[in-house]
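**Student:** need a 3D model of the following:
(chains A and B)
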Amino acid sequence: GNSVTQMEGPVTLSEEAFLTINCTYTATGYPSLFWYVQYPGEGLQLLLKATKADDKGSNKGFEATYRKETTSFHLEKGSVQVSDSAVYFCALSEDTGGFKTIFGAGTRLFVKA
Amino acid sequence: EAQVTQNPRYLITVTGKKLTVTCSQNMNHEYMSWYRQDPGLGLRQIYYSMNVEVTDKGDVPEGYKVSRKEKRNFPLILESPSPNQTSLYFCASSLKRGLGYGYTFGSGTRLTVV
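**Tutor:** Numbers count the residues shown, from 1 in each chain, chains lettered A, B, ... in the order given. Below is the predicted model of the structure:
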């Protein structure tokens, strides 16, 4: 079945460090890919998305490129801030007769001042 | 402000006492869904609705009911809650049922069944 695999956390970085959170997926068709962020005590928020191969999603300094050849959608940010501390979820949506969104397990990020 | 509103935020109840968690969205979204979030298991879909009066089971529907009588509301009903339904619940909505539409999530309901 379809699945999303994220790197295990927690990831701990110092402020202004470069961030990469790996995400790979398995899907039978041509899914859309998403990154969501969950701050403490809140619901998930859509961070960015890409709907076809080679698309780059970007928002708030975060970027991810839809790589069909490696079935990956890694999240990157050039310089993290303490306020980026949160849990990040990679997700895919695919329509295989029933519209379904599958979430990865989430990766917790801690950014130290 | 465009949002998904869930109530209550926190609820402690006893086994077998029926409860309803409400969910309302003000964005005229067609698609709504309920998820539960558990440590180590991530987010799992309980039920979803593609439009008014159209609902279907997700991955973990046992012990839950839903209804969609109006476009904006999608309540989650636990007829006889059990301790294994202790979890963090999220309601989410999307403009349409379709690949490129992301979700807007509510703030969550933390349910404890004792």
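**Student:** end-to-end on stretch A:69-84?
**Tutor:** 29 Å (C-alpha to C-alpha, to the nearest Å).
**Student:** so where's chain A uncertain?
**Tutor:** Residues of chain A that meet the criterion pLDDT under 70 lie in A:96-99.
**Student:** interface residues of it facing chain B?
**Tutor:** Counting by C-beta under 8 Å from any C-beta of the partner chain, the residues of chain A close to chain B are A:30-32, A:34, A:36, A:41-46, A:49, A:51, A:89, A:93-95, A:98-101, A:103-106. All C-beta spots, glycine's among them, are computed from the backbone N, C-alpha and C.
**Student:** for A:Met7, give its distance to A:Ala64.
**Tutor:** Computed as C-beta to C-beta, to the nearest Å, the A:Met7 to A:Ala64 distance reads 13 Å.
**Student:** tell me which residue is most central in chain B.
**Tutor:** B:Trp34 (2.9 Å; C-alpha atoms, centre = their mean).
**Student:** is it in a helix, a strand, or coil?
**Tutor:** strand (DSSP: H, G, I helix; E, B strand; the rest coil).
**Student:** wouldn't it be in contact with B:Ile77 here?
**Tutor:** No - assessed by C-beta atoms under 8 Å, B:Trp34 is found out of contact with B:Ile77, at 10.4 Å.
**Student:** between these two, which contacts overlap?
**Tutor:** B:Tyr64, B:Val66 (C-beta atoms under 8 Å, 6 or more residues apart in numbering or on different chains).
**Student:** and the strands in chain B?
**Tutor:** Under the criterion DSSP state E, strands of chain B are mapped to B:4-7, B:10-13, B:19-25, B:31-38, B:42-51, B:54-57, B:65-66, B:76-78, B:87-94, B:104-105, B:109-113.
**Student:** wait, chain A
**Tutor:** Under DSSP E, chain A gives strands at A:3-6, A:11-14, A:19-21, A:23-26, A:32-38, A:44-50, A:56-59, A:62-65, A:75-77, A:86-95, A:99-103, A:107-112.
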